[in-house]
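K.L.:
Show me the folded form of this:
(one chain, ligands or ions: 1)
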Amino acid sequence: MKLSGKVALITGAASGIGRETALLFANEGASVVACDIDDRGGAETVTMIEQDGGSALYVHSDVSKAKDCRRMVEQAESEFGALHILFNNAGIMDSRDDNAEVTEEDVWDLTMNINLKGVFLGCKYGIPALKRAGGGSIINTASFVALLGAATPQIAYTASKGGVLSMTRELAVIHARENIRVNALCPGPLRTELLMKFLDSEEKRQRRLIHIPAGRFGEAAEMAKAALFLASDDASYVTGTEFVVDGGITAAYVTPE
Ligand code: NAD
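P.N.:
Residues are numbered from 1 along each chain as shown. Predicted coordinates for the structure are as follows:
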C-alpha cells in the first residue's frame with residue numbers, strides 16, 4: 001500500500017475527483033479527512049470508505065471561510081494525530097460565468113473565493129500541520145484551462161485556475177527545504193457533474209470533445225490515480241509541476257478525425 005500510516009485531507013470530497021481520490025487513498029492505507037459543504041455526499045463518501053474497511057472522517061468545511069479551513073486541519077490532527085497529505089480540490093464552475101463583458105461581479109467574487117482563496121486558506125492552515133508532521137505533499141487542483149484559452153468563455157473560472165497554478169509554483173519553491181512538495185493537478189475535461197452541468201447541451205459537449213485527441217471525456221477515477229502518484233513517495237522528487245492529465249488536449253494543434 002502506497003499511503004500506509006498517512007493522513008490525507010481532501011476538499012470537495014463529496015463528489016467527482018474528491019470522492020474518487022478519497023476512496024483510492026483509503027484503499028492505499030491512508031486515513032481520510034473528507035471535507036465538503038455537501039454534508040450528505042460527504043457522509044456517503046465516509047460510509048463507502050468504512051464499508052471497505054478504511055478509516056475516514058467527514059468535516060463540513062466551506063473552503064472560502066478561514067474558520068472552516070482552520071477547523072478541518074485541527075480535526076485531522078485531533079482525530080488521526082497528524083496531517084501528511086493536503087488535496088485542495090474543491091471548486092465550482094458557475095453557469096453564469098461567461099466572457100468579461102457579461103459576467104457579473106458576484107460570479108467573479110464567488111468563483112475566486114472558492115477556487116483560489118480556498119486553496120490559499122487550505123495552505124495557510126495546512127502547511128503548519130505538514131511541518132509538524134515533518135513534511136508532506138500538497139496537491140492543488142487547477143485545470144487545463146490554466147494553460148490554454150478556451151473557446152467556451154468562463155472568465156472567472158479560467159482566471160481562478162491560473163492563480164492556483166502560479167500560487168502552486170511559489171509554494172513549491174518556498175517550502176521545498178521543509179520537505180513539503182506542492183504540485184498542481186491539471187485535469188482535462190471530465191465526465192463529472194461539474195462540467196456536464198456547465199456543458200448542458202449535446203452541442204456544447206461535442207464542441208469540447210472535438211479538441212480532445214483521446215476522443216472522450218476523462219473520468220474522475222483517472223484523476224485520483226494521478227493524485228495518488230503526487231501524494232505518494234513515488235513522486236519524491238516531483239514538486240512545483242503542472243501535472244497535466246488531459247487526454248492530449250494541451251498537446252494538440254489539430255485533433256484526428
Ligand atoms: P464536482 O462538482 O463533482 O465536485 C466538486 C466538489 O466541491 C463538490 O462535492 C462540491 O460540493 C464541493 N464544493 C463546492 N464548493 C465548495 C466549498 N465552498 N467548500 C467545500 N467544498 C465545495 O466536480 P469535480 O469535477 O470533481 O471538480 C473537482 C475539481 O476539479 C474542481 O476544482 C474543478 O474545478 C476541477 N476540474 C474539473 C474538471 C472537469 O472537467 N470536471 C476539469 C478541470 C478541473
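
K.L.:
CA only for contacts and neighbour counts going forward, please
P.N.:
Fine.

K.L.:
List the buried residues of stretch 246-257.
P.N.:
Within stretch 246-257, the residues scored as buried using 16 or more other C-alpha atoms under 10 Å are 246, 247, 249, 250.

K.L.:
give the contact list for the second one.
P.N.:
When contacts are counted by C-alpha atoms under 8 Å, 6 or more residues apart in numbering, residue 247 touches 188, 212, 213, 214, 215, 216, 217, 218.

K.L.:
just to revisit the earlier point, which one among the buried residues of stretch 246-257 gets closest to the ligand?
P.N.:
Among those, residue 246 lies closest to the ligand (C-alpha to the nearest ligand atom), at 8.6 Å.

K.L.:
Tell me the pLDDT of the nearest residue in space to residue 188 that is not next to it in sequence.
P.N.:
Excluding the flanking residues, the one nearest residue 188 by C-alpha to C-alpha, 6 or more residues apart in numbering is residue 246, at 3.8 Å. As predicted, residue 246 sits at a pLDDT of 98.

K.L.:
My guess is residue 94 contacts residue 111. True?
P.N.:
Yes: assessed by C-alpha atoms under 8 Å, residue 94 is found in contact with residue 111 at 7.3 Å.

K.L.:
So for these two, which sits in the more crowded spot?
P.N.:
Taking neighbours as other C-alpha atoms under 10 Å, residue 94 and residue 111 compare with residue 111 leading, 26 against 18.

K.L.:
That one sits in which helix or strand?
P.N.:
helix 105-111 (DSSP states H and E).

K.L.:
Show me what secondary structure element comes after that helix.
P.N.:
Downstream of helix 105-111, the next assigned helix or strand under DSSP H and E is helix 117-132.

K.L.:
what's the distance between the nearest residue to residue 27 once chain neighbours are set aside and residue 214?
P.N.:
Among residues not flanking residue 27 along the chain, residue 54 sits closest, at 6.8 Å (C-alpha to C-alpha, 6+ apart). As judged by C-alpha to C-alpha, to the nearest Å, residue 54 and residue 214 stand 34 Å apart.

K.L.:
and the helix or strand bottoming out on mean pLDDT in the chain with the ligand, contact?
P.N.:
Least confident helix or strand, the chain: helix 193-198 with a mean of 86, by mean pLDDT, DSSP states H and E. Yes: applying C-alpha under 6 Å from any ligand atom, one finds helix 193-198 touching the ligand at 193, 194, 195.

K.L.:
residues in contact with the closest residue in space to the first one that isn't next to it in sequence?
P.N.:
So the one you mean is residue 193. Spatial nearest neighbour of residue 193, excluding adjacent residues (C-alpha to C-alpha, 6+ apart): residue 16 at 7.1 Å. Contact partners of residue 16, counting by C-alpha under 8 Å, 6+ apart, are 192, 193, 220.

K.L.:
So which residues make contact with stretch 154-172?
P.N.:
Contacts for stretch 154-172 (C-alpha under 8 Å, 6+ apart): 92-93, 97-100, 103, 107-108, 111-112, 115-116, 119, 140-143, 145-147, 180-184, 239-242.

K.L.:
Given the lengthiest strand in the chain, what are its sheet partners and their directions?
P.N.:
The strand that spans the most residues within the chain, counting by DSSP state E, is strand 180-187. Using DSSP bridges, the strands paired with strand 180-187 are strand 136-141 (parallel), strand 242-245 (parallel).
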